[in-house]
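[1] Need a 3D model of the sequence below.
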Amino acid sequence: MTHKNNSWFRLDNAGKLYPSIMSSRVSTLFRLSVTLYEIVDPEILQNALNILMPRFPYFQVNLKSGIFWYYFVHTSKIPLVEEEIFYPCMNMEVKKRGKFPFRVLYYNKRISVEFSHSITDGTGGLIFLKSLIVEYFRLKGIETTDTEGFFKYNEAPHIEEYEDAFKKYYNKKIPKPPKKDRAFKFPFSLEEKGVYHIVTGIIPSKAILSKAKEFNVSLTEFLLALYFQSILEIIYSMPSKKRKKLIKPIILNVPVNLRGIYPSKTMRNFFISVTPKIDPRLGIYSFEEIIKYVHYFMQTEIDKRYISQQIKMNVKSELSIILRLFPLPLKNLVLPIAYNIVAESRYTSGLSNMGKITMPKEIEEYIDRFDLYPPPSQGNIIKVAIISYRDKLNITFGKLTSNNDVERIFFRKIRKMNIPVKIETN
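    Numbers count the residues shown, from 1 in each chain. Predicted coordinates for the structure are as follows:
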């Protein structure tokens, strides 16, 4: 594998799954966006992308189908920036000839990037977006001196940015983790295909961080506990007969960026999920009990020893002789079914926190906010994504249903803590 224009490379361990499970509802696309205080200039944005793409050669690719697996091939073409007209995270045919596994969108004051999880994860996507914004403002005459958290257009790509870090840190001697229970599912109707509802709550960061500190927990742990409590309220409010039929453990999928645990520079997928669980069949839970459980679960599970088990499970599945020998058309039939049984059925929902975003001081005053939208999933019809910039914490619910009970209960609980919430929808 090289940096030459005719190079090709395999999808990483996590990315290999996504092309086979893509559908009109499971797009595999997540979005990162930045909102400026001025109208976006699409010509400057295109020029910034043109200049920046050689720094990200592993994104300047097209997806191709082989005999057994999909793979990426480098292309000399550069994507055109597009004015946003569709629902977010929808209507992008990654597998179509000549299409890129990402796109750059603009609308009014907002610049967005949407990536297929086949090519990268949230960290890789965020580095790209930050680099694009820095280059956009450089072309507008604003140079930056800080280089933390993004790549400059005139830097050479590092070979480690290409690596499949899952395989690099795979240890075949580690035992696989135990199987997960089947999870409670929201009993809400699906929207028509191609529709993805977005509900964002904008909250003062300092206020909610202060509340989390009152419980001596991290912001992620605090919001996880609130989300568990909100879902429990949905379950407890059901008629008895319906509740008895549907009740199962609430299991949340919480992605963990592994670059802080392993010394990897990869720009491809490198995350695993931890899965805190509350079982409503065991009785009533107070908020204090939930937050105590979540805190100790997260402290225990985000440990290199347990994470190595997840890596073992993921890589071992890919190395299976039976799966490797399946031709790609058969994989495209089998993997969506297997994914639903082994993965999607084991989660109620997901919650991802990208944390606090910083930008160079020369341009931070030009930026209003960042947003993160989770990828739509037919198996987990509601997901939550969190990101903050300066004193704005944005909590987004991405939904394949028009039902608004979950986010209404969740944000109501925050407001009851005397924390203001501004709601936006698409």
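[2] any chance you could map the strands in the stretch 301-426 of the chain?
    Secondary structure of the stretch 301-426 of the chain (DSSP state E, counting those that start in this stretch): strands located at 349-357, 367-373, 382-389, 392-399, 422-425.
[3] Nearest approach to Pro263 belongs to which of the ones you listed?
    strand 349-357 (19.1 Å; CB to CB). For the C-beta atoms, the positions are set from N, CA and C on the backbone; glycine is no exception.
[4] tell me the domain boundaries of this protein?
    8-156, 197-425 (automatic domain parsing).
[5] Determine which of the ones you listed approaches Ile174 most closely.
    Ile174 lies closest, by CB to CB, to one member of those: domain 197-425, at 4.6 Å.
[6] now for the closest one, what's the gap between its first and last residues?
    Taking CA to CA, to the nearest Å, domain 197-425 runs 8 Å from one end to the other.
[7] what's the spacing between the residue nearest to Asn332 when sequence neighbours are not counted and Phe9?
    For Asn332, ignoring the flanking residues on the chain, the nearest one in space by CB to CB, 6 or more residues apart in numbering is Ser20 at 4.9 Å. As judged by CB to CB, to the nearest Å, Ser20 and Phe9 stand 18 Å apart.
[8] Same check on Pro54?
    In terms of CB to CB, Pro54 sits 16 Å off from Phe9.
[9] do Thr120 as well
    Relative to Phe9, and taking CB to CB, Thr120 is found at 13 Å.
[10] which of the two has more neighbours?
    Using other CB atoms under 10 Å, the more surrounded residue of Thr120 and Phe9 is Thr120, with 27 against 18.
[11] show me the contacts for that one.
    Gly15, Phe59, Phe102, Phe128, Met267, Arg268, Asn269 (CB atoms under 8 Å, 6 or more residues apart in numbering).
[12] Out of those residues, which two are the most distant from each other?
    Spanning the widest gap among the contacts of Thr120 are Gly15 and Phe128, at 15.4 Å by CB to CB.
[13] Let's have the strands of the stretch 301-426 of the chain in JSON lines, adding mean neighbour count, distance to Val217 and mean pLDDT.
    What follows is the strands of the stretch 301-426 of the chain, written out as JSON lines (neighbours: other CB atoms under 10 Å; distance: least, CB to CB, whole Å; pLDDT from 0 to 100):
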{"stretch": "strand 349-357", "mean neighbour count": "20", "distance to Val217": "13", "mean pLDDT": "97"}
{"stretch": "strand 367-373", "mean neighbour count": "21", "distance to Val217": "21", "mean pLDDT": "98"}
{"stretch": "strand 382-389", "mean neighbour count": "23", "distance to Val217": "15", "mean pLDDT": "98"}
{"stretch": "strand 392-399", "mean neighbour count": "24", "distance to Val217": "15", "mean pLDDT": "98"}
{"stretch": "strand 422-425", "mean neighbour count": "11", "distance to Val217": "24", "mean pLDDT": "97"}
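[14] list the helices and strands the host helix or strand of the residue nearest to Asn332 packs on?
    For Ser20, the host element (DSSP states H and E) is helix 18-21. When contacts are defined as 3 or more CB pairs under 8 Å, 6 or more residues apart in numbering; DSSP states H and E, helix 18-21 packs onto helix 328-342.
[15] Now do the buried residues in the helix it packs on.
    Neighbour counts over helix 328-342 (16 or more other CB atoms under 10 Å) mark Leu328, Lys331, Asn332, Leu335, Pro336, Tyr339, Asn340 as buried.
[16] And for stretch 98-106?
    Phe100, Pro101, Phe102, Arg103, Val104, Leu105, Tyr106.
[17] how long is that stretch end to end?
    21 Å.
[18] so where do the helices sit in this protein?
    18-21, 42-52, 122-139, 165-168, 205-214, 219-236, 240-246, 287-301, 304-319, 321-325, 328-342, 405-415 (DSSP state H).
[19] Can you lay out those as JSON lines showing distance to Gly398 and mean pLDDT?
    What follows is the helices of the chain, written out as JSON lines (distance: least, CB to CB, whole Å; pLDDT from 0 to 100):
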{"stretch": "helix 18-21", "distance to Gly398": "17", "mean pLDDT": "94"}
{"stretch": "helix 42-52", "distance to Gly398": "24", "mean pLDDT": "98"}
{"stretch": "helix 122-139", "distance to Gly398": "13", "mean pLDDT": "98"}
{"stretch": "helix 165-168", "distance to Gly398": "25", "mean pLDDT": "94"}
{"stretch": "helix 205-214", "distance to Gly398": "20", "mean pLDDT": "97"}
{"stretch": "helix 219-236", "distance to Gly398": "14", "mean pLDDT": "98"}
{"stretch": "helix 240-246", "distance to Gly398": "22", "mean pLDDT": "91"}
{"stretch": "helix 287-301", "distance to Gly398": "22", "mean pLDDT": "97"}
{"stretch": "helix 304-319", "distance to Gly398": "24", "mean pLDDT": "89"}
{"stretch": "helix 321-325", "distance to Gly398": "30", "mean pLDDT": "78"}
{"stretch": "helix 328-342", "distance to Gly398": "18", "mean pLDDT": "89"}
{"stretch": "helix 405-415", "distance to Gly398": "10", "mean pLDDT": "98"}
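[20] Redo those as a markdown table? Include distance to Glu83.
    A markdown table is the format used below for these (distance: least, CB to CB, whole Å):
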| stretch | distance to Glu83 |
| --- | --- |
| helix 18-21 | 26 |
| helix 42-52 | 7 |
| helix 122-139 | 16 |
| helix 165-168 | 35 |
| helix 205-214 | 31 |
| helix 219-236 | 33 |
| helix 240-246 | 42 |
| helix 287-301 | 41 |
| helix 304-319 | 38 |
| helix 321-325 | 41 |
| helix 328-342 | 32 |
| helix 405-415 | 28 |
